[in-house]
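Enquirer: Just the structure for this:
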Amino acid sequence: MEIKLYDSELKVMEILWREGKLAAGDLAVILKQETGWNRNTTYTVIKKLIAKDAVERTDPGFVCTALIAKEQVQTYETKELINKMYGGSAELFFSAFLNEKNLSKADIDKLKQIVESLR
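Expert: Coordinates of the predicted model:
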């Protein structure tokens, strides 16, 4: 399942991925502390996530549960970035990424292992 999440929606999802199931009120408290959001903002974003089938609401207590894994969103966002910025070329993306990094020998060895495992 591919799903586009906006920054505000990702903030809610990050907390659910980190904490697990949470009552909407508890989410609102955490988001107030971490971002300064008020309760209405949090509830609005939760409703958008429910409409996208990214979050499930159960009662009693308006308990929110993530229905999608963080890895699904990461995969989607990575594909979108590669398509948007590199014309769909993973090779160009990877090359640009590597050229911007000061990679240690350990980093290089790990990347070699990853590439070798793809063969």
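Enquirer: I'd assumed Leu67 was in contact with Lys21.
Expert: No - Lys21 is beyond contact range of Leu67, at 11.4 Å (criterion: CB atoms under 8 Å). All C-beta spots, glycine's among them, are computed from the backbone N, C-alpha and C.
Enquirer: what about the strands in the chain?
Expert: Applying DSSP state E to the chain gives strands spanning 22-23, 55-58, 63-66.
Enquirer: Report pLDDT for Glu2.
Expert: On the pLDDT scale, Glu2 is placed at 73.
Enquirer: got a list of what the residue nearest to it when sequence neighbours are not counted touches?
Expert: Excluding the flanking residues, the one nearest Glu2 by CB to CB, 6 or more residues apart in numbering is Tyr76, at 4.9 Å. The contact partners of Tyr76, by CB atoms under 8 Å, 6 or more residues apart in numbering, come to 2-4.
Enquirer: What ranges in the protein fall below the confidence cut-off?
Expert: Counting by pLDDT under 70, the chain shows low-confidence ranges at 1, 100-101.
Enquirer: 80 - rerun?
Expert: For the chain, the stretches with pLDDT under 80 are 1-2, 99-102, 119.
Enquirer: Return the residues in contact with the residue of it positioned farthest from its centre.
Expert: Distance from the centre of the chain peaks at Lys105, with 28.9 Å (CA atoms, centre = their mean). By CB under 8 Å, 6+ apart, the contact set of Lys105 is empty.
Enquirer: Give me the buried positions along the helix of greatest length in the chain.
Expert: Counting residues, the longest helix in the chain under DSSP state H turns out to be helix 70-86. Using 16 or more other CB atoms under 10 Å as the test for burial, helix 70-86 gives 73, 76, 82, 86.
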